[in-house]
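Trainee: here's my sequence, what's the structure:
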Amino acid sequence: VPTDTINTIPPQDGGAFTRGPVIDFDHHSHEYWLDIDGYVDRARHTARVGWSPHHGGFWVVTRAEEVKWAAQHPEIFSSGRANAPEGHSNLNIPPSFVGRRELLEELDPPEHGKYRGLVNVTLAPRQVKELAPNARQWVTFLIDRFIERGECDFVNDLTSPASALLTLDLLGFPTDEWERYSGSFHKSIGYPDGSPERLEGYQLVQWVNQQCVDMVAARVAQPTDDATSRFLAWQVDGEPISPERVEMLLFHFMGGGTETTGSLTASVLKYLAEHPEDRQRLIDEPELLDSAT
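Mentor: Numbers count the residues shown, from 1 in each chain. Got it, this is the predicted structure:
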């Protein structure tokens, strides 16, 4: 343990941590979203490791050194689901959000690395480059839908739909209901708690979850050459992956492929719109695109 990280030393009896100042840290508060950087920075200067009483209580680790140490000790800081306090669901997400679906982020080493490796193989640079023709096709299709307006919403009109369509293509899903996939994860986290949009997002995520279940069943019955079929053909520790774990991988791809990728790409476009000198440099020096990406 880093010498100045006394708060992360677990007690000898394996019980709850007893050291560390109490800090007022609520990542679901309106104040947090108004100024995320400032809010986190204030916590960082209050305690390297502190205890927040919100949402049933949780530890807040604010410095890189401590975060790295915690990440390297899963026997102490497990990513698996814990028993949440009464009245508080795990991750502060309604239980119906994904039902009892196990998530890739909830696996500890060495198991996590085995399944993360399958994801990495699927998204290796060579495989991703093969998606370029489809990417151009879908981006052109989406731009054609709004170009006459002369404006667009980066997230809703372009980046989230484009990443959703590419994800569906990669996994072998039909693309006719791409708008439902595109809006699912974004609405479930991009709107205030209790809003109609967020409720719709929760319902859509449940729908996506069921599509993953149905897709695995279809590919078990009739494999093709898509990523879902390849997942089912792979082995971990000499044994075929269970259909339930393939469902987990598909759900992981859906979340990362529709929301995370779409939001990141929108942030890039926003940056380039606000920094025309960098945008022009990428136009003039296209060899910089790989390192910029």
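Trainee: what about residue 50, is that helix, strand or coil?
Mentor: Classification of residue 50 using DSSP: H, G, I helix; E, B strand; the rest coil returns strand.
Trainee: any idea of the pLDDT on it?
Mentor: On pLDDT, residue 50 comes in at 89.
Trainee: same deal with residue 152?
Mentor: At residue 152, pLDDT is 93.
Trainee: list the contacts of it.
Mentor: Residue 152 makes contact with 143, 146, 158 under the criterion C-beta atoms under 8 Å, 6 or more residues apart in numbering. No exception for glycine: its C-beta is placed from N, CA and C like everyone else's.
Trainee: and those residues, which is closest to residue 125?
Mentor: Comparing those against residue 125 with C-beta to C-beta picks out residue 158 as the nearest, at 23.3 Å.
Trainee: any idea how far that closest one is from residue 151?
Mentor: The spacing between residue 158 and residue 151, counted by C-beta to C-beta, to the nearest Å, is 11 Å.
Trainee: filter the contacts of residue 152 to the buried ones?
Mentor: Listed as buried from these are residue 158; burial here means 16 or more other C-beta atoms under 10 Å.
Trainee: out of the contacts of residue 152, the closest to residue 284 would be?
Mentor: residue 143 (22.3 Å).
Trainee: I'd like the contacts of residue 152 as JSON lines, with pLDDT and distance to residue 268 appended.
Mentor: Below are these laid out as JSON lines (pLDDT from 0 to 100; distance: C-beta to C-beta, whole Å):
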{"residue": "143", "pLDDT": "97", "distance to residue 268": "16"}
{"residue": "146", "pLDDT": "97", "distance to residue 268": "18"}
{"residue": "158", "pLDDT": "95", "distance to residue 268": "11"}
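Trainee: could I get the contacts of residue 152 as CSV with distance to residue 186 and secondary structure?
Mentor: Below are the contacts of residue 152 laid out as CSV (distance: C-beta to C-beta, whole Å; DSSP: H, G, I helix; E, B strand; the rest coil):
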residue, distance to residue 186, secondary structure
143, 19, helix
146, 17, helix
158, 13, helix
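Trainee: closest one to residue 61 out of the contacts of residue 152, please.
Mentor: Of those, the one sitting nearest to residue 61 (C-beta to C-beta) turns out to be residue 158, at 35.5 Å.
Trainee: show me the contacts for the closest one.
Mentor: Contact partners of residue 158, counting by C-beta under 8 Å, 6+ apart, are 139, 142-143, 146, 152, 266, 269.
Trainee: go on, residue 248?
Mentor: 101-104, 115.
Trainee: and with 10 Å instead?
Mentor: 98, 101-104, 106-107, 115, 212, 216, 231, 241-242 (C-beta atoms under 10 Å, 6 or more residues apart in numbering).
Trainee: ranges for the strands of this protein?
Mentor: Applying DSSP state E to the chain gives strands spanning 49-52, 58-61, 235-236, 239-240.
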